[in-house]
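Student: here is the input, now give the coordinates:
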Amino acid sequence: MDLRDLPSVDALTGDLSIDFDLPRAVVVSVARDAINEARDSARSGSPVDPVLSATRRLRTLSSSRLRSVVNATGVLLHTNLGRAPVGVTDTPFFSNLEFDLESGQRGKRAHYLHELIAATAGSETALVVNNNAGALLLSLAALAGRDGRVAVSRGELIEIGGSFRLPDLMAASGAHLVEVGTTNRTRRSDFIEVPGTVEAVLKVHPSNYRVEGFTEDVPFSEMPEIAHHLGALFIADVGSGLLDEATPWIDGGPPGWLNGEPAVRQVLGQGADIVLFSGDKLLGGPQAGVIVGKRNAVERLAKHPIARAVRVNTPTIASLTATFEAYASGTAGTIPFWQMAVSPTEELRRRTGHVLQISGATGSIVDGESLPGAGSVPGLSIPTPVLRIDGGDERTWRALADHEPPVIAARRDGSTIVNLRSVPPEEDPIVAAALATL
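Tutor: Numbers count the residues shown, from 1 in each chain. Alright, predicted model coming up:
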């Protein structure tokens with residue numbers, strides 16, 4: 001393209017604004033960058049069309065704008081789709097966030113929520129931060145301190161999504177990692193024989209992977225005694241946030257896919273000084289890091305400077321309060337995650353058949369599976385009837401994703417799979433309408 005043919009920023013912005021419902025400031029910025037790129041490329045002899053370049057960028061920006069989607073993947077806690085589906089919780093425009101209504105003086109942030117969590121989890125006290133990585137960072141910094149030593153099994157030096165690695169986080173906290181045992185086998189004696197002083201012993205539940213075969217590890221129940229022997233505190237990171245292994249909110253008791261998952265109440269009862277877990281996994285709430293445990297340990301965390309840096313905001317406090325009140329009142333079965341997880345197979349088969357019928361799509365109902373997701377209970381799944389679209393190639397998946405609102409299906413073995421376990425019943429008509437476009 002000749003430099004004289006380049007459009008003005010205003011002209012290009014006007015043309016692009018017709019196709020993209022984005023703030024004008026965003027469109028102007030993209031148009032200006034595209035024209036500058038085209039001018040530079042023309043001078044270098046490799047011309048770039050500013051209209052195509054700007055259109056591609058705006059399409060990418062528009063698709064990444066936060067919006068509602070229908071999760072038909074069968075992954076109940078889909079990290080890329082926001083993990084636990086939290087119902088809308090009203091957040092007051094102004095609130096008594098840090099105001100004591102009785103005294104008229106400044107109050108404590110999330111005071112009620114902390115008391116509620118402690119009562120529900122069976123701990124002395126509680127603290128909430130922005131996410132579980134923040135909870136671990138704060139715990140290491142406050143309980144081990146700079147240059148303090150923390151013993152961890154080599155089999156638990158985890159990496160999770162986004163290349164987050166436990167050794168790196170520990171280094172950021174100022175604590176020193178003391179590796180114990182081997183990748184596949186760590187015994188009680190490995191901890192007992194750690195030389196020198198240890199400020200804390202950390203056990204991390206490997207919630208996003210499973211090591212099988214010639215393995216051995218030290219269970220949560222034995223770790224408090226080991227820590228006491230070393231004169232250290234025991235930090236238990238149970239990760240997934242199952243509140244009680246008895247799952248009293250589920251009729252018939254805990255489902256088989258929860259076997260072996262450590263639960264907050266039980267690990268606390270075994271003597272952990274603090275227990276850390278996520279708010280948006282098996283708990284079924286918003287993104288948060290929840291810390292429960294002994295008062296002297298948790299209060300050390302609350303007084304540390306990092307606590308201010310990782311504190312939660314008003315909407316999170318409101319949503320997490322509603323979540324824990326559901327557990328405290330015995331109505332946790334109404335939490336969206338648990339409704340999806342325990343939905344009967346017969347009901348899902350009926351819903352899937354109805355969606356297929358009214359959509360007019362060509363497909364078949366086959367036996368499949370759903371995953372709890374978000375690194376919870378790895379290797380285990382929930383049997384689920386699913387809809388396999390006949391001839392469901394990449395174009396089929398793309399057509400569903402391009403629907404308004406987007407319907408995100410699963411892709412497996414060259415087929416497009418629609419799984420209604422992760423879809424609220426009220427969204428079935430949306431799935432049917434998307435399938436009808438095929």
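Student: can you tell me the centre-most residue of the protein?
Tutor: Averaging the C-alpha coordinates of the chain gives a centre point, and the residue nearest to it by CA atoms, centre = their mean is R83 (4.5 Å).
Student: who's in contact with it?
Tutor: Contacts of R83 were listed using CB atoms under 8 Å, 6 or more residues apart in numbering, and they are L77, D280, K281, Q287, G373, A374. All C-beta spots, glycine's among them, are computed from the backbone N, C-alpha and C.
Student: switch to 7 Å and redo it
Tutor: L77, D280, K281, Q287, A374 (CB atoms under 7 Å, 6 or more residues apart in numbering).
Student: which pLDDT does the model give the closest residue to Q287 other than its chain neighbours?
Tutor: Nearest residue to Q287 in three dimensions, chain neighbours excluded: D280, at 4.6 Å (CB to CB, 6 or more residues apart in numbering). pLDDT, D280: 94.
Student: which helix or strand contains the nearest residue to I235 once chain neighbours are set aside?
Tutor: Counting by CB to CB, 6+ apart, the nearest residue to I235 once its immediate chain neighbours are dropped is L202, at 4.7 Å. Using DSSP states H and E, the element containing L202 is strand 200-204.
Student: using the three-state scheme, assign L400.
Tutor: Per DSSP: H, G, I helix; E, B strand; the rest coil, the local secondary structure of L400 is helix.
Student: go on, V128?
Tutor: For V128, the secondary structure call by three-state DSSP comes out as strand.
Student: neighbours of it, just the number please.
Tutor: V128 sits with 25 neighbouring residues when counted by other CB atoms under 10 Å.
Student: ditto for A11
Tutor: By other CB under 10 Å, the residues close to A11 number 12.
Student: the helix or strand encompassing it: which residues count as buried?
Tutor: In the assignment (DSSP H and E), A11 maps to helix 9-19. Buried residues in helix 9-19, counted by 16 or more other CB atoms under 10 Å: V9, L12, T13, L16, S17.
Student: next secondary structure after that helix?
Tutor: Moving toward the C-terminus from helix 9-19, the first helix or strand encountered (DSSP H and E) is helix 24-44.
Student: ok, back up a step: nearest to Q357 among the contacts of R83?
Tutor: Each of the contacts of R83 was scored against Q357 by CB to CB, and L77 proved nearest at 29.7 Å.
Student: let's verify that closest one: helix, strand, or coil?
Tutor: Secondary structure for L77, judged by three-state DSSP, is strand.
Student: buried set for stretch 33-45?
Tutor: Applying a neighbour-count criterion of 16+ other CB under 10 Å, the buried positions in stretch 33-45 are A34, I35, E37, A38, S41, A42.
Student: turn those into a markdown table, including distance to A172 and pLDDT.
Tutor: Output for the buried residues of stretch 33-45, formatted as a markdown table (distance: CB to CB, whole Å; pLDDT from 0 to 100):
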| residue | distance to A172 | pLDDT |
| --- | --- | --- |
| A34 | 39 | 92 |
| I35 | 42 | 91 |
| E37 | 37 | 89 |
| A38 | 42 | 88 |
| S41 | 41 | 84 |
| A42 | 46 | 78 |
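Student: just give me the closest of those to A232.
Tutor: Lowest distance from A232 to these (CB to CB) belongs to E37, with 57.0 Å.
Student: tell me how far that closest one lies from V30.
Tutor: Counting by CB to CB, to the nearest Å, the separation of E37 from V30 is 10 Å.
Student: ok, now L268?
Tutor: Distance, L268 to V30, using CB to CB: 52 Å.
Student: quick check: mean pLDDT of the strand holding L202?
Tutor: Mean predicted confidence for strand 200-204 is 96.
Student: and the helix or strand following it with strand 200-204, angle?
Tutor: Reading on from strand 200-204 to the C-terminus, the next helix or strand found by DSSP H and E is helix 223-230. On the basis of axes from the mean of the first three to the mean of the last three CA atoms, to 10 degrees, helix 223-230 is oriented at 160 degrees to strand 200-204.
Student: phi and psi next, for L348.
Tutor: For L348, the backbone dihedrals are phi -70, psi -40 (criterion: degrees, to the nearest 10).
Student: and it, what pLDDT?
Tutor: Per the predicted model, pLDDT is 98 at L348.
Student: what number of residues lie near it?
Tutor: L348: 22 surrounding residues under other CB under 10 Å.
Student: residues contacting it?
Tutor: T384, P385, L420, R421.
Student: next one: P262
Tutor: The contact partners of P262, taken as CB under 7 Å, 6+ apart, are H205, F220, V238.
Student: so who does the second one touch?
Tutor: Contacts of F220 were listed using CB under 7 Å, 6+ apart, and they are K203, A236, P262, V267, Q270.
Student: now list the buried members of those residues.
Tutor: K203, A236, P262, V267, Q270.
Student: re earlier: distance of the residue nearest to the centre of the chain from S370?
Tutor: When CB to CB is applied, the distance between R83 and S370 equals 15 Å.
Student: again with R185
Tutor: R185 sits at a distance of 33 Å from S370 (criterion: CB to CB).
Student: ok, the lowest-mean-pLDDT helix or strand in the chain: who's next to it in the sheet?
Tutor: The helix or strand of the chain with the lowest confidence, counting by mean pLDDT, DSSP states H and E, is strand 159-160 at a mean of 77. Taking DSSP bridges as the criterion, strand 159-160 sits next to strand 164-165 (antiparallel) in its sheet.
Student: contacts for the next helix-or-strand element following the partner strand, please.
Tutor: The helix or strand immediately downstream of strand 164-165 is helix 166-173, counting by DSSP H and E. Counting contacts by CB under 7 Å, 6+ apart, the residues outside helix 166-173 that touch it are A133, L136, L137, L140, A141, V150, L157, I158, L177, V204.
Student: nearest residue to G289 in space, please, no chain neighbours.
Tutor: Here the residue nearest G289, using CB to CB, 6+ apart, is A135, at 3.2 Å.
Student: closest one of the contacts of F220 to T247?
Tutor: P262 (13.3 Å).
Student: any idea which helix or strand carries the closest residue to the closest one other than its chain neighbours?
Tutor: Distances taken as CB to CB, 6+ apart put V238 closest to P262, at 4.6 Å, once the chain neighbours are dropped. Applying DSSP H and E as the criterion places V238 in strand 233-239.
Student: that strand - contacts with which helices or strands?
Tutor: With contacts defined as 3 or more CB pairs under 7 Å, 6 or more residues apart in numbering; DSSP states H and E, the packing partners of strand 233-239 are helix 132-143, strand 200-204, helix 223-230, helix 264-269, strand 274-278.
Student: per-residue confidence for A328?
Tutor: Predicted confidence (pLDDT) at A328: the value is 95.
Student: quick one: contacts for it?
Tutor: Neighbouring residues of A328 by CB under 7 Å, 6+ apart: L116, A119, T120.
Student: can you pull the poorly scored residue ranges out of the chain?
Tutor: Within the chain, the stretches falling below the threshold (pLDDT under 70) are 1-2, 87-92, 161-163, 207-209.
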